[in-house]
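[1] I'll drop the sequence and a predicted model, then ask my questions.
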Amino acid sequence: MAGRPVQAPGPRPRRGRRALAGVLAAVLALAGYAAADVADVVPGPLTTAPPPDPDPWPDAPGAVLPPTAPEPVLPEVGIEAPLPAPDALAAALGPLLAVPSLGPSWSVVVADALTGAVLLDEGAGTPRQPASTAKLLTAAAALSVLDGAATLPTSVVLGGPGATGEGAAQDGPPVVVLVAGGDVLLGAGAGDPTSVVGRAGLADLADETAASLAPVGADRVVLRVADPLAPAGPVRPPGWTPGDVADGYAADVTGVAVDAGRLDPRAYAPRAPDPALAAAATLADLLRARGVDVVGEPARTDPAGVPADAPVLGEVRSAPLEDVVAHVLRVSDNTGAEALALLVARAGGGPVTAEGASGAVLAAVAGLGADVDGVVLTDASGLGDGSAVTARALTDVLGVAAREDDLRPVLQGLPVAGLTGSLAERLGDEPLARGVVRAKTGTLTGVTSLAGVVVDADARLLSFAVLADAVPATEPARGAVDDVAAALAACGCR
C-alpha cells in the first residue's frame, strides 16, 4: 500500500511557565511593546434525532451511540471460509435488483474482501453519482497519506510584528494568533477526552493562553487567525449550492471550526459563514472571561507572516485521525470529509484548494491499487453534483481496507446496521443483517447508494457496492438496497 510521505504535525515541545514567560517578555520587548501598554492582570454531543426529510436529503447523521454503549466489533473472519458461488449469488440477488424502485440506472458489485475476487458484476465500471459513498475514497486517502495515530493541533502563538490587520501595529497591544491545524470538530467549552467531537476544547485553549500571558502582564491583546488550509477564507467545493450551507448540510471549509461550524447543536443547523472567524470569536469571549482584553474583532492574517518559531501560548489537540475518519463515515459529516481532503492535498504538496483536494484524494486511492478509471470527484464528501464513481472503485477500496491494517479504521468506522450512524434506523428488523452489515450510505435527490462489508452465513467477508442514480423515490430505493445487503448477510449461496 502507499507509504506516508508526510504525517500530521506532532506535538510542539512544551515549555515550563517560567521559561515561557521569559521568552514572551523578550519577544514583546523586541516587538516594541512598551511596559505602559499593559495594565495589571486580572487573575483569574450531538445526539438529537434527525429532522423530517429535507429536499434534497444528504445522509442524516442518524443515531449516535451513548457514551456507555459498546462499539460493535468487526467480526473476525477467515480466508478458509467458503466463497459464495457466483451463479448462486446472482440467482439470490437478481430478483432484488429487478425492482422498479432502483430505477433504470444502477450498478452492483460483490467481491471477496480478502482476495479481491469479483463474485457479481453488474455495471462495475460504469461511473455513477455516488452521494456520500464518495466519503469511502476520502477516508482511505486520508489514512494512506496521513498517520492515523496523529492528532491535529489548534494553537495560539505570539504573532509578533509580522502579523497583519487592523490593530496589529507594533506600538499597540501584542498580537496573538489562533493557528488552525485542521480540526473542525472543536468544542466551545472544555475538551472531552471520551468524544471525537469536542476532544479539543476552546475553553482549555483559553485557559492555557491566559495563563501564559499573565506572568508578563500582557492582559490586552489583538487576536488574529492564521489558516493554512484556507488562507484566503472559507473553501466551497464546486457543485455545492448556497442551500447546502444555509440548510445546515455542511459548512464552507476552514482549517478550524467549532462542531463543523454549527451555530447550534442540532444535526441540521445553520453554519457560520466563516467557521474559523466564528471559532476565533468564541476564543476571544473566553479570553475576556479570563481577564484578557481582546481588542476589536478577530480577523484573518497571512499564515506566512507567522514565524515558525513563534512562542506557543497554548495548544489543544484533536482525537487521533483514525477516530476522526471513523466519525466522518459514521455520521456522514460532509464538512469533516472536506477538511480531511484538504489535509491530504497539503500532505501531498499539491494545491490546497477544493479542486486540489479532490485530485489528491483520487491520486491517493489510485496509489492504493484501486481501479479509478472513469472516476471523477468534484468534492470529497459526495454532497455536490458532478462526481462520478464506479462500484468497482468502492469495492476495491473496501478490499484494501480489509487487507491493510493501516486502513482498518475505514471498516471499523462504517455505520452498523440497526445500531449506529446513518444505518441506525435501517436493517434493524433483519436479524441476520443487524450488527453484521457495515456500510456507508449515500442519499441525494434521485440517488441512493450503499457500499460496505458484510459477513455472510458462512463467515466469509464480502465487500459490496450498490449505486442507483435515477431512483424515482428515496424510501423505496433505500429499501431495495437494504434488501440486497440483508440477502448477502443471509447468503451461503452455493
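    In hand now; what should we look at?

[2] Ser449 - that's part of a helix, no?
    No: under DSSP: H, G, I helix; E, B strand; the rest coil, Ser449 falls outside any helix and is assigned strand.

[3] how far away is it from Trp106?
    Distance, Ser449 to Trp106, using Cβ to Cβ, to the nearest Å: 9 Å. Heads up, the C-betas are built off the backbone N, CA and C, glycines and all.

[4] On the three-state scheme, Ala149 is what?
    Of the three states, Ala149 takes coil according to three-state DSSP.

[5] from memory it sits against Asp323, does it?
    No: assessed by Cβ atoms under 8 Å, Ala149 is found out of contact with Asp323, at 9.6 Å.

[6] Please identify which of Ser449 and Trp106 sits among more neighbours.
    Neighbour count, other Cβ atoms under 10 Å: between Ser449 and Trp106, Ser449 has more, with 33 against 24.

[7] Not counting its neighbours along the chain, what's nearest the more buried one?
    Gly442 (3.5 Å; Cβ to Cβ, 6 or more residues apart in numbering).

[8] Now the host helix or strand of the one you found: average pLDDT?
    Following DSSP states H and E, one finds Gly442 within strand 438-444. Taken as a whole, strand 438-444 carries a mean pLDDT of 95.

[9] can you give me how far that strand is from the chain middle?
    Relative to the chain's own centre, strand 438-444 is displaced by 15 Å; criterion: Cα atoms, centre = their mean, to the nearest Å.

[10] And the contacts of that strand?
    For strand 438-444, contacts defined as Cβ atoms under 8 Å, 6 or more residues apart in numbering pick out 56-59, 74, 129-136, 329, 332, 382-383, 411, 414-417, 422-423, 426, 448-454, 464, 467, 474, 478, 485.

[11] Break down the stretch 301-450 of the chain into its helices, ranges please.
    If DSSP state H, counting those that start in this stretch is used as the criterion, the helices of the stretch 301-450 of the chain fall at 321-331, 334-347, 354-367, 391-403, 408-412.

[12] Select, out of those helices, the one closest to Val256.
    helix 334-347 (9.3 Å; Cβ to Cβ).

[13] which other helices and strands contact the closest one?
    Secondary-structure packing of helix 334-347 (3 or more Cβ pairs under 8 Å, 6 or more residues apart in numbering; DSSP states H and E): helix 135-145, strand 183-186, helix 321-331, helix 354-367.

[14] what's the most buried one of these?
    Highest mean neighbour count of the helices and strands packed on helix 334-347: helix 135-145, a mean of 30 (counted as mean count of other Cβ atoms under 10 Å).

[15] Can you check what angle separates it from helix 321-331?
    180 degrees (axes from the mean of the first three to the mean of the last three Cα atoms, to 10 degrees).

[16] wait, what's in contact with the residue nearest in space to the middle of the chain?
    Per Cα atoms, centre = their mean, the C-alpha nearest to the average position across the chain is that of Gly336, at 2.7 Å. Residues in contact with Gly336 (Cβ under 8 Å, 6+ apart) are Val184, Leu185, Ala260, Val324, His327, Val328.

[17] Help me confirm that the third one is found in a strand?
    No: the secondary structure assignment for Ala260 gives helix rather than a strand, going by three-state DSSP.

[18] measure it to Thr420 for me?
    Taking Cβ to Cβ, one finds Ala260 at 19 Å from Thr420.
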